[in-house]
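Engineer: Sequence first, then the predicted structure, then my questions.
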Amino acid sequence: MDKKYVIGLDYGTDSVRALLVDAENGAEIACSVSLYKRWAEGKYCNPEQSQFRQHPLDYIEGMEESIKDVVVQVGPLIAANVVAITIDTTGSTPGAVDERGTPLALLPGFEEDPDAMFVLWKDHTALKEADDINELAKKWNIDYTKYSGGLYSSEWFWSKILHITKKGGKVAQKAFSWMEHCDWMPAFLTGNNNVLTVKRSRCAAGHKAMWHKEFNGLPSKEFLGTLHPDLAALRDRLYSDTYTTDEVIGHLSAEWALKLGLPQSVKVGVGAIDAHLGAVGTGIEAYSLVKVMGTSTCDMVVVPNQEFTGLVNGICGQVDGSILPDMLGMEAGQSAFGDVYSWFRQILEFPMKEILADTLSKDQLKAASDAILPKLAEKAAQIPVTENDLIALDWINGRRTPDVDLTKKGVIAGITLGTSAPHIFKALVEATAFGSKAIMDRFIAQGVAINQVIALGGISKKSAYVMQTLANILNVPIKVATSEQACALGSAMFAAVIGGVHQNIAEAQQAMSSGYDAEYLPQAEKASVYEKLYQRYLTLGNQ
């Protein structure tokens with residue numbers, strides 16, 4: 001029998017990657033990454049206002065470029081045996097669409113309108129609207145935030161829609177419905193031109209849109225209409241049912257099968273959020289804490305439904321089937337992790353860019369910039385850990401969990417004339433690790449045991465110093481997933497299920513997992529000091 005192959009399509013913040021794997025054993029056959037061209041130019045974004053928008057053409061062109069490239073890499077014989085594609089994306093990243101599910105940015109008159117773009121997960125323009133939602137939820141006879149950690153975020157679906165709706169511009173008037181990126185992309189590839197029939201992701205709906213079976217779906221028309229009359233009408237043009245990622249949404253359309261060089265028989269699965277499928281790609285199981293570590297972090301836990309019936313406050317939701325079907329998926333995370341280090345690197349780049357730019361070549365400037373963080377890590381690792389060290393707060397992009405508050409700011413406390421750049425970097429790395437500990441402690445305090453910690457993502461591969469510091473502060477071993485494309489691999493695992501190669505996702509994980517290539521063990525002498533520094537972190541954060 002011919003071998004069967006699947007594609008995991010993983011949309012990140014800056015790029016999309018297509019991973020073609022052997023569906024039987026998970027061997028990674030070909031991978032291709034495509035950068036978003038308009039995003040790289042900074043279009044439709046205003047960082048000073050925390051406005052981050054992405055054009056759907058970046059998504060379409062990136063998909064086409066990356067999948068075509070892996071097809072060329074493997075040749076027509078393998079391409080002919082691709083049986084399924086599953087897609088993960090950032091979230092919550094919703095966009096306004098017309099009746100046919102076409103993003104408004106693709107329609108005449110909307111091509112350059114930021115509000116017609118997909119509103120990226122880290123867009124914080126809807127802070128006021130999130131406050132309005134939380135205030136109303138606490139007064140309402142049903143608390144629709146109860147399964148969202150008790151607080152609703154400006155990074156999520158309804159806050160963003162309410163913000164653009166209240167502006168009352170052309171987008172608000174034209175929008176027939178709204179779709180998460182992870183819902184729109186599978187519908188687009190399968191040629192679904194009726195937005196009302198698209199199978200919506202349980203993962204995105206539950207974690208970002210307050211969908212729950214207890215509520216008969218989304219929040220009631222009365223609740224939404226109290227926020228804004230247009231939201232009540234919008235509810236009828238959204239969805240009631242949601243689907244887990246082991247469901248098929250359709251087959252590749254004839255148009256895209258031809259363009260991509262794939263069979264039209266290729267099945268396309270229900271989409272999900274990238275971090276959740278990254279957890280699947282690492283082999284997440286009950287009571288594992290999986291940390292997806294990049295510019296921000298997403299922390300995933302799954303527990304058997306019958307073993308936990310409580311509510312964990314201050315996280316980003318608990319949703320039946322959002323990560324693994326038939327298990328309760330929980331999400332937490334930090335709004336900035338790698339972004340904290342990138343910010344400090346940019347501070348130190350000032351003399352290179354403003355003083356030395358005319359004397360150094362572009363290659364020399366890039367080499368110097370690339371060397372900043374590794375050198376800081378080398379020097380910071382040599383500094384003893386003491387109870388009197390600097391303390392920093394990691395909230396330079398607000399606090400996601402525990403207890404969302406995106407108005408929070410970063411702090412570095414205890415600076416003296418003897419403080420060096422490595423001292424500051426050390427404090428920033430420790431701050432991000434303290435933020436991770438606050439999340440893990442919240443799970444444990446509210447009845448969710450953590451049996452193991454698994455890390456994936458760029459930072460887990462690039463910085464031994466960050467990972468060792470994290471192990472010391474969490475005071476637990478941390479395994480690092482082997483695959484550098486764990487999110488795409490998780491998507492590929494679900495593709496192997498919908499493609500009929502594996503009966504269920506547990507079987508796919510067992511057969512296709514890449515395993516772990518590193519483990520960081522806590523150093524007892526440092527862990528004991530970090531416990532005292534962590535108490536100082538908590539005290540500073542409460543001031």
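Structural biologist: Done, it's in.

Engineer: Pull out the buried residues from stretch 142-159.
Structural biologist: Using 16 or more other Cβ atoms under 10 Å as the test for burial, stretch 142-159 gives 144-159. Glycine gets a C-beta too; all of them are placed from N, C-alpha and C.

Engineer: what comes up buried for stretch 278-287?
Structural biologist: G278, A279, V280, G281, T282, G283, I284, E285, Y287.

Engineer: Where does the second one sit: helix, strand or coil?
Structural biologist: Here A279 is helix, with the state taken from DSSP: H, G, I helix; E, B strand; the rest coil.

Engineer: Please verify my assumption that it contacts D299.
Structural biologist: No. Assessed by Cβ atoms under 8 Å, A279 is found out of contact with D299, at 9.1 Å.

Engineer: Which neighbours do those two have in common?
Structural biologist: V290, V292 (Cβ atoms under 8 Å, 6 or more residues apart in numbering).

Engineer: Quickly find the element holding the closest residue to W211 other than its chain neighbours.
Structural biologist: Nearest-residue entry for W211: A205, 3.7 Å, with adjacent residues in sequence omitted and distances by Cβ to Cβ, 6 or more residues apart in numbering. Using DSSP states H and E, A205 falls within helix 202-208.

Engineer: what's the answer for D132, then?
Structural biologist: Here D132 is assigned to helix 127-139, by DSSP H and E.

Engineer: Touching that helix from outside, list them.
Structural biologist: Against helix 127-139 from outside (Cβ under 8 Å, 6+ apart): 143-145, 151-154, 156, 158-160, 162-163, 166, 223, 226-227, 406-407.

Engineer: for stretch 225-242, same thing?
Structural biologist: Contacts to stretch 225-242, defined as Cβ under 8 Å, 6+ apart, come from residues 132-133, 136, 158, 161-162, 165-166, 172, 175-178, 195-196, 198-202, 205-206, 211, 216-222, 224.

Engineer: Report the buried residues of stretch 204-223.
Structural biologist: Neighbour-count burial for stretch 204-223, counted by 16+ other Cβ under 10 Å, picks out 204-212, 217-220, 223.

Engineer: With pLDDT and distance to V319 added, can I get those residues in CSV?
Structural biologist: Listed next are the buried residues of stretch 204-223 as CSV, based on pLDDT from 0 to 100; distance: Cβ to Cβ, whole Å:
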residue, pLDDT, distance to V319
A204, 98, 10
A205, 98, 8
G206, 97, 3
H207, 97, 6
K208, 97, 10
A209, 98, 10
M210, 98, 10
W211, 98, 8
H212, 97, 8
G217, 97, 13
L218, 98, 13
P219, 98, 15
S220, 97, 19
F223, 98, 19
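
Engineer: Just the contacts of stretch 225-242: which are in strands?
Structural biologist: Cross-referencing the contacts of stretch 225-242 against strands under DSSP state E gives S177, W178.

Engineer: for L19, phi and psi?
Structural biologist: Reported as degrees, to the nearest 10, the phi and psi values for L19 are phi -120, psi 120.

Engineer: Does the nearest residue to it once chain neighbours are set aside belong to a helix, a strand or coil?
Structural biologist: Spatial nearest neighbour of L19, excluding adjacent residues (Cβ to Cβ, 6+ apart): A488 at 3.7 Å. Put simply, A488 is helix when judged by three-state DSSP.

Engineer: In this structure A488 contacts V6, no?
Structural biologist: No. Using Cβ under 8 Å, A488 makes no contact with V6, being 10.4 Å away.

Engineer: average model confidence for the top helix by length along the chain?
Structural biologist: As assigned by DSSP state H, the longest helix anywhere in the chain is helix 421-445. Throughout helix 421-445, pLDDT has a mean value of 97.

Engineer: what's downstream of it, the next helix or strand?
Structural biologist: strand 452-456.

Engineer: Just the mean pLDDT for the helix or strand that that next one is followed by, thanks.
Structural biologist: Later in the chain than strand 452-456, the nearest helix or strand by DSSP H and E is helix 458-462. For helix 458-462, mean pLDDT is 92.

Engineer: Need the contact partners of helix 458-462.
Structural biologist: K291, M293, G294, F337, G338, V466, M467, V480, A481, E484.

Engineer: roughly how far out does the next helix or strand after that helix sit from the chain middle?
Structural biologist: The helix or strand immediately downstream of helix 458-462 is helix 464-474, counting by DSSP H and E. Distance of helix 464-474 from the chain centroid (Cα atoms, centre = their mean, to the nearest Å) equals 22 Å.

Engineer: Assumed T245 was part of a strand.
Structural biologist: No. Going by three-state DSSP, the assignment for T245 is coil, not a strand.

Engineer: so who does it touch?
Structural biologist: T86, S201, R202, C203, G269, V270, G271, A272, L277, P325, F494, I505.
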